[in-house]
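Engineer: I would like to see how this sequence folds:
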Amino acid sequence: MKLNKTRIRVEVDNQKAIKKMGYVEEVILRHDYFTNGKFVDRLRMSILNNELLK
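Structural biologist: Residues are numbered from 1 along each chain as shown. Down below sits the predicted model:
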């Protein structure tokens with residue numbers, strides 16, 4: 001399977017994951033899911049196939 005883009009979602013306060021592996025920030029997903037009695041914002045990030053090869 002040939003993919004052009006890979007996406008991940010990380011919590012906005014997870015700086016370690018945000019800086020990892022060259023992913024580019026796309027959008028903040030406000031109140032993306034509910035956990036431990038509260039809504040959590042997440043960041044959607046992506047990397048294109050040609051960026052992986054650099």
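Engineer: Parallel or antiparallel, list what pairs with the one helix or strand residue 41 maps to.
Structural biologist: Using DSSP states H and E, residue 41 sits in strand 38-48. Sheet pairing of strand 38-48 (DSSP bridges) gives strand 5-11 (antiparallel), strand 24-35 (antiparallel).
Engineer: can you tell which of those strands is closest to residue 52?
Structural biologist: Closest of these to residue 52 is strand 5-11, at 7.9 Å (criterion: CB to CB). For the C-beta atoms, the positions are set from N, CA and C on the backbone; glycine is no exception.
Engineer: Show me what counts as buried in the closest one.
Structural biologist: residue 10 (16 or more other CB atoms under 10 Å).
Engineer: Centre of the chain to that strand, how far?
Structural biologist: 3 Å (CA atoms, centre = their mean, to the nearest Å).
Engineer: again with stretch 44-54
Structural biologist: 12 Å.
Engineer: and what of stretch 40-52?
Structural biologist: That offset, for stretch 40-52, works out to 5 Å (CA atoms, centre = their mean).
Engineer: Using neighbour counts, pick out the buried residues of it.
Structural biologist: Buried, per 16+ other CB under 10 Å, within stretch 40-52: 42, 43, 45.
Engineer: and the residue nearest to the last one when sequence neighbours are not counted, what does it touch?
Structural biologist: Nearest in space to residue 45, with sequence neighbours left out and distances taken as CB to CB, 6 or more residues apart in numbering, is residue 23 at 3.9 Å. Taking CB atoms under 8 Å, 6 or more residues apart in numbering, we find residue 23 in contact with 8, 45, 46, 47.
Engineer: my guess is the third one contacts residue 6, does it?
Structural biologist: Which is residue 46. Yes. Residue 46 is within contact range of residue 6, at 6.5 Å (criterion: CB atoms under 8 Å).
Engineer: shaky segments in this structure?
Structural biologist: Under the criterion pLDDT under 70, the flagged ranges of the chain are 1, 53-54.
Engineer: and the residue of the chain positioned farthest from its centre, backbone torsions?
Structural biologist: Residue farthest from the centre of the chain, counting by CA atoms, centre = their mean, is residue 37 at 22.6 Å. Main-chain torsions, residue 37, degrees, to the nearest 10: phi 80, psi 10.
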